[in-house]
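*Asks:* coords below, sequence missing:
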């Protein structure tokens, strides 16, 4: 352990920690935009600047190792002023249409501009770039007029998904996130997992499937397990007015032990079958080759009666039940119990073979 | 899986992927494998008839002919034994049957295997050396290994390979089947199989049967039941009278749909319980509306044996009900009382009868899931099995397995091999993903992957409509020219009802043990329309 002083407080931290990690462990708030604990460090946004006594320049706390005896200020007037300028510089390329932005209320840039009182930018001379919002893929919206170049998306694509579909092109004010030759995502190695949406701190990358369906502060997030392959990724169903309106990631180890928030295109963008108008909403009974709607009582009575009759007439082994790899353990248990204890046969199987 | 998903990213020094297009079918696992290979320097060996995303970055890629897996793995073992790379101490201490296996693989020199597998002998040697000499080595497989008439043999072969090199019982080693469905592991664990109750307790074992008879208060049948493919065959011959299909879609997923269709039509009574009017439900006498995962409470068990919570987020549409409630209603109407207040109450009954789940309860699952076996409430769960080479059965049993060719062989009329599988953007029979707007917009129609050389010989261009036929029948589909498949192989997915691959596959050749169909090998021809 080493000892250092932050905002007049003596703090111990393990050797090898960064200043940011030390602050976070001690509960000292430091604003960050490009920092993400699961991604390789960039140190590019400079929002996490702190003052280290004896150093001529402010340092980015996310990439600076804590050293024994350091004296640090995280919130001095000079630091606050520096952060305001940083926000103004970023604001010069950010399109503030918060009122219709999907990320309104869940945007770190919006929060910091509010916190630091940044309402406009002195650096808009020459005008903002006007990037077209025209990637035709059905999954994610790319609005680089809101991008603050934190490069979290680039690093998530490279570190988590290992697709390496995007990178930074150009420099300075002209810097932009781009696929190879700045084309559409569908012509790149992108697999539409949406890890970039997960890590984007602003509204530059959002889900097209969820667009307009609910604000972050209107939805309840229910942690559950994905319904597709056997990996067992957990995800959060976003619920508004008793309807699923989106999927977000839980990135904690406890909430997401298998995937730590990472998902694939089906898990993140393939949820709206839940609300499909094709869903069955009532029991159906076939009569003269046509289905008609039936009450539960009528349908259940008919099933019980016919199964009972066939068992009596042809024996239990003339009946079989196919259970499902789609339904819960509890339901599979009841399905085999029903087959064995009620129907009286071991003819129960499911699609493990298929 | 003997081991855990996280180990594929951190602990494995070598990953041998055979018959799994992991990046498309288990995308998040694929990400971890790529991460380990590209950033941690792990070695990657891929055996697959298709040049998958993982094959592109593999240290050794072996595009073996569909169905030649046993020959390929035997040849790898031949190299390992002849070059002295086997872990003799592990073999002596923890296994049995080595001599018979070693005697059998003696003839499987890489040169002997080359014409069977289509893989150059030197590549087989390279793969064997990398697998045996990289430290912790793990084998991952999926349906590419199992959906053959020799599916069980194929799996036993890769188990041989792991035991031969002592690659079992430590983090980053093991034999990891990547299971294809959210709760296929759980369905098996729960005894939704014709031969076992929960936790693989045999229905023919009297002690197990007595235990369940006492718990359920009825006498239970003592004979093994029929597997799914046998049920369909019995129905086809008029011997199966009633079928209750609960969240399955055999009219898309089963082999040879002509055969399935006739079988379903011959039933006296078919009940289908599902969330959509599936291709199968159209044949039903009664359709019962169930709930999807977002509409009910319960648990799923993933491919690494991790039991995790499923939580109700929204109400089911209309009058649809939770599936467990529907089963209880029917049981009650048939004179057997089944009454539970909620899913947790069912889980409590399960863990009382299921030793590997005995220590799991809903409160514990709030903290991130538990991997079985978890025998007591104090047990932390089991990230990897067979610790220190102590196998569940005592000694690990080598199996001497000879190569048996696929049942279905190409001939002059059907010269190509059709192999089937899934795409990243759809899931199984498409019931859900075809109704997921973004997924279906992105991939709205099926494609037949065909090698440009083969296509050129038939005058087929990218995007052309072609007819693919097997001995069962044919269908029209658009061609996609790609060198991802070898010239003698074509590939299509089975997601699309409008061109369902299983009209083409065969139900004739089943694995003798698992009764799994030979989905991965159908002799076929392709013609331009």
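*Replies:* Sure, I can see it. Please read these numbers as outputs of a predicted model, since none were measured by experiment.

*Asks:* hey, where'd the helices end up in the stretch 251-400 of chain B?
*Replies:* Applying DSSP state H, counting those that start in this stretch to the stretch 251-400 of chain B gives helices spanning B:257-266, B:323-333, B:343-353, B:362-365.

*Asks:* how about the last one, does it reach chain A?
*Replies:* No - contact between helix B:362-365 and chain A is absent, the nearest approach being 10.3 Å (criterion: CB under 8 Å from any CB of the partner chain). C-beta: built from backbone N, CA, C; applies to glycine.

*Asks:* count the neighbours of the closest residue in space to residue B:293 that isn't next to it in sequence for me.
*Replies:* For residue B:293, ignoring the flanking residues on the chain, the nearest one in space by CB to CB, 6 or more residues apart in numbering or on different chains is residue A:227 at 4.1 Å. If you count neighbours by other CB atoms under 10 Å in any protein chain shown, residue A:227 ends up with 24.

*Asks:* hmm, back to that, any idea which of the helices of the stretch 251-400 of chain B is most buried?
*Replies:* helix B:323-333 (a mean of 22; mean count of other CB atoms under 10 Å in any protein chain shown).

*Asks:* what is that one packed up against?
*Replies:* helix A:296-314, helix A:329-337 (3 or more CB pairs under 8 Å, 6 or more residues apart in numbering or on different chains; DSSP states H and E).

*Asks:* mind listing residues that contact that helix?
*Replies:* A:296, A:300-301, A:303-304, A:307, A:327-328, A:330-331, A:334-335, A:338, A:341-342, B:246-247, B:273, B:288, B:290-291, B:296, B:298, B:337-340, B:343, B:346 (CB atoms under 8 Å, 6 or more residues apart in numbering or on different chains).

*Asks:* any idea how far residue B:308 lies from chain A?
*Replies:* Computed as CB to the nearest CB, to the nearest Å, the residue B:308 to chain A distance reads 5 Å.

*Asks:* partners of that residue in the sheet?
*Replies:* residue B:300 (DSSP bridges).

*Asks:* what's near enough to touch it?
*Replies:* Residue B:308 neighbours (CB under 8 Å, 6+ apart): A:225, A:232, A:234, A:257, B:299-302, B:365, B:369.

*Asks:* rerun that using 10 Å as the cut-off
*Replies:* Applying CB atoms under 10 Å, 6 or more residues apart in numbering or on different chains, we find residue B:308 in contact with A:223-226, A:232-234, A:256-258, B:182-183, B:186, B:299-302, B:365, B:368-371.

*Asks:* returning to what we had before: any chance of the helices and strands packed on helix B:323-333 in JSON lines, with mean pLDDT and mean neighbour count too?
*Replies:* JSON lines is the format used below for these (pLDDT from 0 to 100; neighbours: other CB atoms under 10 Å in any protein chain shown):
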{"stretch": "helix A:296-314", "mean pLDDT": "98", "mean neighbour count": "17"}
{"stretch": "helix A:329-337", "mean pLDDT": "98", "mean neighbour count": "30"}
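
*Asks:* adding distance to chain B as columns, could you present those in a markdown table?
*Replies:* Formatted as a markdown table, the helices and strands packed on helix B:323-333 follow (distance: least, CB to the nearest CB, whole Å):
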| stretch | distance to chain B |
| --- | --- |
| helix A:296-314 | 4 |
| helix A:329-337 | 4 |
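
*Asks:* can you add mean pLDDT and distance to residue B:72 and give the helices of the stretch 251-400 of chain B back as a markdown table?
*Replies:* As requested, these are exported to a markdown table (pLDDT from 0 to 100; distance: least, CB to CB, whole Å):
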| stretch | mean pLDDT | distance to residue B:72 |
| --- | --- | --- |
| helix B:257-266 | 95 | 31 |
| helix B:323-333 | 97 | 42 |
| helix B:343-353 | 98 | 40 |
| helix B:362-365 | 97 | 40 |
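
*Asks:* adding distance to residue B:458, write these out as TSV.
*Replies:* Listed next are these as TSV, based on distance: least, CB to CB, whole Å:
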stretch	distance to residue B:458
helix B:257-266	26
helix B:323-333	47
helix B:343-353	54
helix B:362-365	55
